[in-house]
Structure formats: structure tokens, C-alpha cells
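A.B. asks: Need a 3D model of the following:
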Amino acid sequence: MHDVVTIETTGLGDRSYLVHDGEHAVVIDPQRDIDRVLAAAQDAAVRITHVLETHIHNDYVTGGLALARAAGADYVVAAAEEVSFSRVAAADGDRFGSGGLTLTAVATPGHTPGHLSYVLDAGDGGPVAVFTGGSLLYGAVGRTDLIGPDQTVALTRAQYRSVRRLASDLPDPVAVYPTHGFGSFCSATPASGTSSTIGAERVANIALTSDEESFVKELLAGLGAYPRYYEKMGPANRRGPEAPDLTAPPAADAGELRRRMQAGEWVVDLRQRRDFARRHLAGSVSVELGDPFATYLGWTMAWGTPLTLIGDSAGQVARAQRELARIGIAPAAAAAGTIEELAGGQRAGERVAGYQVSDFAGLAASWGTAGRVILDVRRPDEWRAGHLAGAAHVPFWEVERRAAEVPAGEVWVHCASGFRASIAASLLDRAGRRVVHVDDDWERAGQLGLPVTADG
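C.D. replies: Numbering: from 1, shown residues only. So this is what the prediction gives:
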């Protein structure tokens with residue numbers, strides 16, 4: 001008997017797993033906020049005996065060591081990885097037993113050089129599941145360029161062979177449980193679906209339907225930009241991070257908020273992006289609290305910048321704090337309330353700003369207007385695939401640094417959905433530019449007849 005409890009972290013596109021036999025449990029790839037895992041174990045009335053890492057993660061700060069200590073469990077990390085803490089070192093073929101469960105490590109290098117997958121046997125019936133981390137994803141594989149450009153080609157070839165090894169060694173009914181591939185930038189190509197088996201992957205996975213040379217060519221061609229904070233995650237995970245402190249950060253009043261903004265610190269407004277555009281504290285930055293929140297804030301803000309969170313409620317701020325803790329960012333201060341309360345004083349209106357929101361229909365209607373600048377803030381691969389004729393291009397994470405390069409005029413800022421454009425528009429507004437936030441889906445631009453080109 002076995003049960004797999006999936007613990008989703010949708011904002012980062014990852015999953016962790018609690019596997020148990022009704023009494024004993026093993027956890028695979030826990031996120032940093034381990035209270036969710038401990039609660040799942042308590043709900044199932046099971047004792048965690050092992051915490052397994054498939055690899056040293058590059059997209060989040062692990063909760064593995066902290067969870068193992070809290071639960072009194074063995075912490076299992078690949079022997080090939082250099083870490084600064086005590087662990088149970090795992091290598092290909094090593095077996096780990098927990099009650100009626102047995103998990104066998106399988107070397108699956110590719111996403112990282114020391115990557116391991118874990119095959120679950122639950123009794124005498126043979127393998128029933130495989131936990132694949134960043135190796136075999138649903139219809140895809142984990143990206144292979146996070147270690148360094150000098151290793152990318154070799155890791156891509158290793159990834160191909162690792163996925164093929166799993167498919168060769170395991171029978172069709174074996175369930176596949178990846179850590180990445182649900183929106184994570186750790187996926188090399190878009191993943192599809194929410195469940196799968198080895199048999200299903202044989203007919204759908206790029207590594208199992210291509211020859212090696214075709215796979216390498218296609219995978220390398222699809223490796224676009226990834227969040228720049230990723231470079232901080234591996235070193236943090238090798239040090240053995242502690243559980244995050246999720247107590248509320250110090251409160252900031254209106255005067256403190258003004259001081260922080262004047263000092264160039266980031267005061268991030270968590271409200272819905274259209275509410276921000278309508279009325280916001282002058283100098284604040286819009287990063288709407290939604291599923292991409294931590295990824296895009298961590299990508300855009302220079303690492304180490306002091307951060308203050310403001311929102312409609314203390315609960316909204318607490319949720320943002322938890323999401324940021326998963327990537328190692330802790331706010332220095334926080335405040336909650338209405339814009340008037342956050343601005344403070346009888347002259348609050350002078351400290352409240354706003355800008356226009358439109359869509360691609362509005363852009364089409366004003367096409368050709370003198371003095372208007374179109375700024376595309378999507379990733380370079382999105383830009384190359386097609387963009388508006390005459391548009392300027394600055395990826396959203398470079399807008400703060402390169403604001404002076406944006407041509408003079410009223411700046412109409414767009415991305416693919418409006419989310420990243422809201423961040424960029426707020427940064428330009430903070431820099432004193434006159435902006436219009438295009439809050440719309442990119443597909444609408446072509447449908448409305450706006451000139452789309454792949455040149456430039």
C-alpha cells in the first residue's frame with residue numbers, strides 16, 4: 001500500500017511529494033516553507049523518516065535540511081554534490097527503506113550533473129512510481145543550461161540518455177512524478193498535462209520520440225532566458241538553508257514609506273495591476289500578487305535591494321512574504337491599508353499618482369500618433385518570434401537599469417498578458433516617464449491588424 005500526496009507550489013511551477021504507507025513517509029524535493037509538508041504528514045498521521053533531494057535546485061531555496069531536522073529524518077543528497085552540511089550520500093543503485101516503501105536512486109544527469117531520480121517499490125509488485133525531479137517531465141525535460149554554458153551541450157546529451165534509461169528500465173504503468181514542469185522556467189520546453197506514466201511518455205516525450213541529434217538541436221534552440229535570481233539558489237542550497245522566518249516584518253508608516261522610496265528602495269504594491277494604475281503611491285512598484293509573483297519580482301529587482309511590501313491587508317502581505325521566502329528574499333518592512341492611509345497626512349493626494357490603462361484595440365485606434373513610443377518588455381525569444389513594427393524592446397527585468405534608453409514620448413508598454421508590462425510601466429512611471437499600460441493578450445495584436453514583424 002502506498003499513497004502519494006502532492007504539495008503544489010504553483011507560483012514557482014513546482015511540486016513536492018509526501019509518499020507514505022499509512023505509517024512511514026518519505027518526502028521528495030520540499031520547498032522552503034516546510035510547515036505545509038509537516039501539516040500534510042500530520043493529516044496523514046505518518047512519520048517522516050527520509051527527505052530526498054533529486055538535485056541541488058536552481059529555482060528555489062530548499063526546505064530539505066530544515067525539514068529533516070524538524071522531523072528527525074535522514075537527509076539524502078547525491079554523493080556527487082559538494083555541500084557544507086552532513087547528509088546521507090546517495091549514488092546510483094542505493095536503496096532507502098521506509099516501512100513498506102523502498103526507493104532506489106537512479107543516476108539521471110542532465111538537468112544537473114549529479115541529478116538522481118527515485119524509483120518507488122511498494123511491496124513485492126515491482127516499481128509503481130518514479131520521482132524524476134528535473135529529468136523526465138510531462139512531455140518535456142528539464143533545462144540543461146543552468147550550470148554553465150561550457151556544460152550545456154554535454155548535459156543535454158546526458159539528459160537524453162537519462163530519460164531513455166528510465167523508459168528502458170521501467171514498465172509502462174509506472175507513474176511519473178516530476179518536480180518541475182508546471183510553469184517553472186526549469187523546463188526546457190513547455191510541459192503538458194498534470195499526470196503521466198512511463199507508457200504515456202513513450203509516445204509524447206521529446207526525448208523518447210526523437211533521435212539524439214534532433215533532440216539536442218531542438219532543445220538548445222528552445223533555451224530562452226531564465227530568472228536571474230536562479231544563480232543565487234544553488235549556492236544557498238549547498239550551504240543548507242534554515243526554515244524561513246515568516247513572522248510579520250516591521251511595520252512602516254507613511255513617513256517611512258516615503259523615506260524608503262526616496263532612498264531608491266523598492267516599495268512593492270501587491271494589489272491588482274489596474275487598481276495600481278488608477279491610484280498608487282508615487283514611486284512604488286507594481287508586482288501583482290498572483291502565481292508568477294515571486295518569479296517575476298525576483299527576476300526584476302536587483303538582488304539585495306531593500307524591499308518593503310504594501311497591500312490591502314496584512315493577509316495579502318503575509319502571503320507575499322511566504323512566496324518570496326521560497327526564493328530567499330525577506331522584506332525589510334511592510335504596511336497594509338488603503339492608498340490614503342498609506343500616503344498619510346492631509347496632503348496625501350499629492351503623494352498619489354496614476355497612469356492610463358489601455359489594450360491593443362486602443363493602441364490600434366491611436367496607431368501613428370506622433371510622439372507615441374511602443375515598448376515591448378517580453379523576453380528576447382518572444383520578441384524574435386514576432387513583434388510590432390517600430391517597437392522598442394527592453395526585457396522587463398532590464399527596464400529599471402535601461403529606462404534612459406527608452407525613446408522620448410508617451411510610452412505604451414506591453415508584454416504577452418499585461419502582467420510583466422505592469423511591472424515595467426510602474427518602473428517607468430517611477431522614473432518620471434508618461435506611460436500607458438497595455439493590459440491585453442499578445443494574440444489580440446495580430447487579430448486587430450496591428451503590424452507584426454519578425455525583423456530586427
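A.B. asks: any chance you could map the helices in the stretch 301-450 of the chain?
C.D. replies: 314-325, 339-343, 360-365, 380-385, 399-402, 419-430, 443-447 (DSSP state H, counting those that start in this stretch).
A.B. asks: Can you tell me which of these is nearest to Val352?
C.D. replies: Relative to Val352, the nearest member of the helices of the stretch 301-450 of the chain by CB to CB is helix 339-343, separated by 5.6 Å. C-betas here are computed from N, CA, C, even on glycine.
A.B. asks: mind checking how far the closest one is from the chain centre?
C.D. replies: The chain centroid and the centroid of helix 339-343 are separated by 31 Å under CA atoms, centre = their mean, to the nearest Å.
A.B. asks: Grab the longest helix from this protein for me.
C.D. replies: The helix that spans the most residues within the chain, counting by DSSP state H, is helix 152-169.
A.B. asks: Show me the contact partners of that helix.
C.D. replies: With contacts defined as CB atoms under 8 Å, 6 or more residues apart in numbering, helix 152-169 is touched by 106-113, 115, 117, 119, 130, 132, 135-136, 141-142, 144-145, 147, 188, 198, 201-202, 205, 207-208, 212, 215-216, 219-220, 223.
A.B. asks: run the last query once more with 6 Å
C.D. replies: Defining contact as CB atoms under 6 Å, 6 or more residues apart in numbering, one finds that helix 152-169 is touched by 108-110, 135-136, 141, 144-145, 198, 202, 207-208, 212, 215-216, 219.
A.B. asks: Convert the helix or strand following it to PDB, retaining C-alpha atoms only.
C.D. replies: For helix 152-169, the following helix or strand on the C-terminal side (DSSP states H and E) is strand 175-178. Provided in PDB are the C-alpha atoms of strand 175-178 (Å, rounded to 0.1, in the frame of the first residue of the first chain):
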ATOM      1  CA  ALA A 175       3.500   6.700 -12.600                       C
ATOM      2  CA  VAL A 176       5.800   9.700 -13.300                       C
ATOM      3  CA  TYR A 177       6.100  12.400 -10.600                       C
ATOM      4  CA  PRO A 178       8.400  15.300 -11.700                       C
END
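A.B. asks: Show me what strand 175-178 is packed against.
C.D. replies: strand 127-133 (3 or more CB pairs under 6 Å, 6 or more residues apart in numbering; DSSP states H and E).
A.B. asks: could the helices of the stretch 301-450 of the chain be laid out in CSV, adding mean neighbour count, mean pLDDT and distance to Trp412?
C.D. replies: Formatted as CSV, the helices of the stretch 301-450 of the chain follow (neighbours: other CB atoms under 10 Å; pLDDT from 0 to 100; distance: least, CB to CB, whole Å):
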stretch, mean neighbour count, mean pLDDT, distance to Trp412
helix 314-325, 19, 97, 28
helix 339-343, 19, 90, 25
helix 360-365, 17, 96, 6
helix 380-385, 14, 94, 16
helix 399-402, 16, 97, 14
helix 419-430, 26, 98, 9
helix 443-447, 15, 95, 12
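A.B. asks: Could you chop the protein up by domain?
C.D. replies: Domains of the chain are assigned by automatic domain parsing as 3-239, 254-353, 356-453.
A.B. asks: Those domains: which one's closest to Leu246?
C.D. replies: Here domain 254-353 is closest among the domains of the chain (CB to CB), at 6.0 Å.
A.B. asks: ok so, going back, between the contacts of helix 152-169, which is closest to Phe419?
C.D. replies: Asp145 (24.5 Å).
A.B. asks: give me the number of residues near that closest one?
C.D. replies: By the criterion of other CB atoms under 10 Å, Asp145 has 18 neighbours.
A.B. asks: CA atoms only for stretch 231-247 - export them in CSV, please.
C.D. replies: What follows is stretch 231-247, C-alpha atoms only, in CSV (Å, rounded to 0.1, in the frame of the first residue of the first chain):
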residue,chain,number,x,y,z
GLU,A,231,22.2,32.0,-9.8
LYS,A,232,21.7,32.6,-6.1
MET,A,233,19.7,29.4,-5.4
GLY,A,234,22.4,26.7,-5.9
PRO,A,235,24.9,28.3,-3.5
ALA,A,236,22.2,28.8,-0.9
ASN,A,237,21.1,25.2,-1.2
ARG,A,238,24.7,23.9,-0.9
ARG,A,239,25.0,25.8,2.4
GLY,A,240,21.9,24.1,3.9
PRO,A,241,19.3,26.8,4.4
GLU,A,242,17.3,27.1,7.6
ALA,A,243,13.5,27.3,7.6
PRO,A,244,12.3,30.8,6.8
ASP,A,245,11.2,33.3,9.5
LEU,A,246,7.6,34.1,8.5
THR,A,247,6.8,36.5,11.3
